[in-house]
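Visitor: here is a sequence together with a model predicted from it:
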Amino acid sequence: LPEIQIFGGGAHAGRRVDIQDFMIVAPQARSFDQALEWTAEVYRAAGALMEERGLLQGVADEGGFWPAFESNEAALDALMRAIEHAGFTPGEEIAISLDIAASEFHQGGLYRPARDGRTLDSDGMAEMLIRWLDKYPIVSIEDPLGENDADGLRRFTAAVGGRVQIVGDDFLVTNAERVKQAAALGICNAVLVKPNQAGTVTEAKAALDAARAAGWGAIVSARSGETEDVTIVHLAIGWGVGQLKVGSFARSERMAKWNECLRIEGALGSRARFAGRAPLKLGSQ
């Protein structure tokens, strides 16, 4: 299941919006090819809408559009419109995935999302995100609270972990021991696996194995600074992870990986099996 950036923000896009990644997934697609096609249609629709409104500022580090929204929620509203303009129903063919990267605006125990002009404590930040979960078809949310806010992450997981994938990146850092500790504490229910963050393929696989032992989901991910190497595509497919996050539909280091996925699906032919919704572990919701 490809997780593809439409709008980039945070530290990877000049902080035009606070949230780092506004992404979409296509859990009802019947193949990887179709999922990529549907996502490309939303990407094109988003670009057209941004151009009409004069909001385009360039391309973010991971290939998504770099817009200047007046608030984080305005970006979510724009993403909903792009999905609809592409001919899809939000929450059915296309759903939303976010990387909050909350550590980037978490200082001194408080969250300061500058675009919203607010200062929030841990519970206030969680309440804002839960309102978004109620309003938008969000199926996955990465780093919803800061890496030093373990208590907040635990409470957030307890509150909404049954309805949304809560992915740990900054808190888990592709480390098997941290995954085991987080699982024991009830923090997160999925891990972001970044092989070059772990340092070795062996250590990255150990983090994945720890997540699976806990009954968690997993996403294999590229980094904000990348090359055209496609090794992580083969790791994701070979390990049967089911979710891949490598950026958007711009920049050759991103497209190289999506194109490799297409080549592998084509080579497998009738033996190819698209993961679809299953890796999200969200039941029928």
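Guide: Arrived safely, thanks for sending.

Visitor: partners of Asp99 in the sheet?
Guide: Note on Asp99: beta-bridge partners by DSSP bridges are Asp21, Glu142.

Visitor: any idea how far Glu62 is from it?
Guide: When distance is defined by Cβ to Cβ, to the nearest Å, Asp99 is 10 Å away from Glu62. Every C-beta, even on glycine, is put in place using the N, C-alpha and C of the backbone.

Visitor: show me the common contact partners of the two, please.
Guide: When contacts are counted by Cβ atoms under 8 Å, 6 or more residues apart in numbering, Asp99 and Glu62 are jointly contacted by Asp21.

Visitor: averaged pLDDT, stretch 58-67. What do you get?
Guide: Model confidence over stretch 58-67, given as mean pLDDT, is 84.

Visitor: list the buried residues in it.
Guide: By neighbour count with 16 or more other Cβ atoms under 10 Å, stretch 58-67 contains the buried residues 60-67.

Visitor: rebuild those as TSV, extending it with distance to Ser122 and secondary structure.
Guide: Below are the buried residues of stretch 58-67 laid out as TSV (distance: Cβ to Cβ, whole Å; DSSP: H, G, I helix; E, B strand; the rest coil):
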residue	distance to Ser122	secondary structure
Ala60	28	coil
Asp61	28	coil
Glu62	27	coil
Gly63	32	coil
Gly64	28	coil
Phe65	31	strand
Trp66	29	strand
Pro67	28	strand
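
Visitor: can you put the residues you listed in JSON lines and add distance to Ala150?
Guide: Shown next, in JSON lines, are these (distance: Cβ to Cβ, whole Å):
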{"residue": "Ala60", "distance to Ala150": "29"}
{"residue": "Asp61", "distance to Ala150": "28"}
{"residue": "Glu62", "distance to Ala150": "27"}
{"residue": "Gly63", "distance to Ala150": "32"}
{"residue": "Gly64", "distance to Ala150": "30"}
{"residue": "Phe65", "distance to Ala150": "34"}
{"residue": "Trp66", "distance to Ala150": "32"}
{"residue": "Pro67", "distance to Ala150": "33"}
